[in-house]
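Asks: Got a predicted model here, sequence first, then my questions.
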Amino acid sequence: MTRTPILYWARRDFRLGDNPALCAAAASGCPVIPVFVVDEVMEGHGAAPKWRLGLGAEAFGAALAGAGSRLIVRRGRALDVLRALIAETGAREVHWNRLYDPAARRRDEAVKAALKAEGVEARSHGAHVLFEPWTVATGVGGFYRVYTPFWKAVRGRDPGEPLAVPKLAAPEVWPASEDIAGMGLGDAMRRGAEIVRPYLAVGEEAARGRLGAFIAEGIADYADRRDDLARDGTSHLSENLTHGEISARTCWWAGMRAMEQGKPGAETFLKELVWRDFAHHLVHHTPHIVETNWREDWDAFPWNEDAGREDVRAWRRGRTGMQVVDAAMREMYVTGRMHNRARMLVASYLCKHLLTHWKIGLDWFEDCLVDWDPASNAMGWQWSAGSGPDAAPYFRVFNPETQAEKFDPHGRYRRRWVAELSSDPPQAARSYFDAIPESWGMSAADRYPARPVVDTALGRQRALDAYSNRSF
């Protein structure tokens with residue numbers, strides 16, 4: 001085979017099926033060399049996301065090997081690594097699937113400009129979301145700032161059919177690859193990795209199995225069960241979607257078929273997929289959302305910005321004395337994820353009851369969540385804080401006690417994760433003490449706080465007073 005190979009640059013698209021960049025490279029008939037680079041963007045990830053991305057890359061490498069290909073792994077600045085591979089292989093094309101957060105866009109734009117200037121074809125493809133952010137516009141040509149109109153604009157659209165798994169031609173000689181397992185991507189997880197690992201579903205096969213089980217057993221009751229903290233009523237697909245182990249389009253069509261079959265929760269599931277799209281829509285059009293207040297009139301709000309304060313430390317450690325908030329934080333340390341309803345509660349409690357800057361919570365989630373996504377994380381925190389995209393943000397202060405009564409009426413969620421609430425706590429609750437840093441000095445023998453770090457009513461009134469002292 002004399003045709004020059006094409007590089008497929010994998011980032012958050014660890015799948016063979018419905019992979020536009022991989023399919024475009026394969027369609028040329030040229031040998032395809034899949035490449036994964038532990039680059040400047042990935043090096044900046046928090047402990048759990050970096051570890052989970054490495055696991056995803058390992059699983060993708062195994063899948064490629066099963067298809068007669070392989071994944072070439074290198075470490076270094078993305079442009080430098082790609083240039084080196086181009087020189088080694090003679091490749092004249094590089095394909096990748098787009099990402100939309102500012103760090104990824106800066107990297108990708110620099111890579112594309114440099115490669116094109118050097119005579120190398122650099123092509124990006126849409127694959128991470130259902131609809132490219134610039135293709136969804138208001139009647140006057142602007143972008144959407146509120147979710148409901150965004151949903152109405154896309155709910156009848158066809159995102160296209162998922163692409164089949166391509167046949168990959170191998171090069172005559174493979175370039176050298178580093179061993180991703182030996183790169184230490186999980187070092188920052190320390191002992192937590194062993195606790196979290198059993199809760200993960202890594203790789204395309206696991207992701208498709210998870211989707212199939214949800215469609216068969218969970219989607220019918222999804223609308224009713226998704227907010228029930230004690231029941232397993234969600235799809236858990238966020239972990240796989242953020243790493244591209246399954247495409248949003250594959251999930252969309254599975255949901256559409258379920259809706260056609262009359263399963264009542266299917267439309268709610270489709271709305272959640274579009275909510276994810278909306279996050280990427282916003283991060284594309286307003287990239288400052290990941291770093292600064294989305295609403296500029298919040299810039300003068302007197303947030304507490306000391307991440308080392310005692311009440312913030314109690315929040316991080318699941319020791320606020322507010323049981324549902326503490327249960328949610330502990331769930332995150334044991335499983336690497338957190339129930340969606342609980343995410344809103346812990347974020348509201350930090351930002352409103354503790355009047356703490358949302359950026360402190362955003363950064364902590366980035367360090368701890370295996371399903372961390374820069375767009376969804378930013379939108380979720382700013383929505384909860386009141387500084388983000390919401391039609392009526394500032395006076396919404398979730399009461400964690402009434403929320404617990406409504407969504408965990410029998411206390412099962414709280415007892416599952418807070419060991420101090422039971423004389424014989426379940427293993428999941430005890431695992432928390434094995435997952436957290438030893439320096440925290442915590443054990444199941446500790447007494448649970450007798451009172452919360454801030455009274456619910458007092459915290460709410462303090463937040464409303466702070467809001468009322470400024471104009472929106």
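Replies: Looks like it arrived, so ask away.

Asks: where does the stretch 251-400 of the chain dip in pLDDT?
Replies: 391-395 (pLDDT under 70).

Asks: longest single strand anywhere in this protein?
Replies: Across the chain, the longest stretch assigned as strand under DSSP state E is strand 32-38.

Asks: Who does that strand pair with, and is each partner parallel or antiparallel?
Replies: strand 6-10 (parallel), strand 72-75 (parallel) (DSSP bridges).

Asks: Name the residues that touch it?
Replies: Contacts with strand 32-38, where a contact means Cβ atoms under 8 Å, 6 or more residues apart in numbering, come from 5-11, 22, 25-26, 54, 57, 60-61, 64, 69-76, 78, 81-82, 85, 89, 91, 168-171, 174-175, 180, 183, 185. Backbone N, C-alpha and C define where each C-beta goes, glycine included.

Asks: got the CA coordinates for that strand in PDB?
Replies: Output of strand 32-38 as PDB, limited to C-alpha atoms (Å, rounded to 0.1, in the frame of the first residue of the first chain):
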ATOM      1  CA  VAL A  32      -5.700   5.400   9.100                       C
ATOM      2  CA  ILE A  33      -3.500   6.000  12.100                       C
ATOM      3  CA  PRO A  34      -5.600   6.800  15.200                       C
ATOM      4  CA  VAL A  35      -3.700   9.100  17.600                       C
ATOM      5  CA  PHE A  36      -4.400  10.100  21.200                       C
ATOM      6  CA  VAL A  37      -2.300  13.000  22.700                       C
ATOM      7  CA  VAL A  38      -2.000  13.700  26.400                       C
END
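
Asks: isn't there a strand covering residue 122?
Replies: Yes: Residue 122: assigned to a strand according to DSSP: H, G, I helix; E, B strand; the rest coil.

Asks: my read: it touches residue 109, true?
Replies: No: with contact defined as Cβ atoms under 8 Å, residue 122 does not count as touching residue 109 (10.2 Å).

Asks: Those two: who's more crowded?
Replies: Neighbours were counted for residue 122 and for residue 109 using other Cβ atoms under 10 Å; residue 122 has more, 20 against 11.

Asks: What separation do you get for that one and residue 11?
Replies: Distance of residue 122 to residue 11, given as Cβ to Cβ, to the nearest Å: 14 Å.

Asks: One more: residue 258?
Replies: Distance, residue 258 to residue 11, by Cβ to Cβ: 30 Å.

Asks: These two: who's more crowded?
Replies: The neighbour comparison of residue 258 against residue 11 (other Cβ under 10 Å) goes to residue 11, with 25 against 22.

Asks: From residue 409, how far off is the more buried one?
Replies: Residue 11 is 43 Å from residue 409, by Cβ to Cβ.

Asks: again, but for residue 293
Replies: From residue 293 to residue 409 the distance is 36 Å (Cβ to Cβ).

Asks: Which one's more surrounded, the two?
Replies: Neighbour totals were compared for residue 293 and residue 409, and residue 293 leads with 21 against 12 (other Cβ under 10 Å).

Asks: Am I right that that one is in a strand?
Replies: No: secondary structure of residue 293 (three-state DSSP): coil, not part of a strand.

Asks: Report the contact partners of it.
Replies: So residue 293 contacts 299, 301, 382, 387 (Cβ under 8 Å, 6+ apart).

Asks: Please look at the third one and residue 375 and confirm they touch.
Replies: So that's residue 382. No: Residue 382 lies out of contact with residue 375 (Cβ under 8 Å); the separation is 11.1 Å.

Asks: Would you write a PyMOL line that selects the buried entries of the contacts of strand 32-38?
Replies: In PyMOL syntax, the buried subset of those is picked out as below (16 or more other Cβ atoms under 10 Å):
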select buried, resi 5+6+7+8+9+10+11+22+25+26+54+57+60+61+64+69+70+71+72+73+74+78+81+82+85+89+91+168+169+171+175+180+185
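
Asks: No further questions, thank you.
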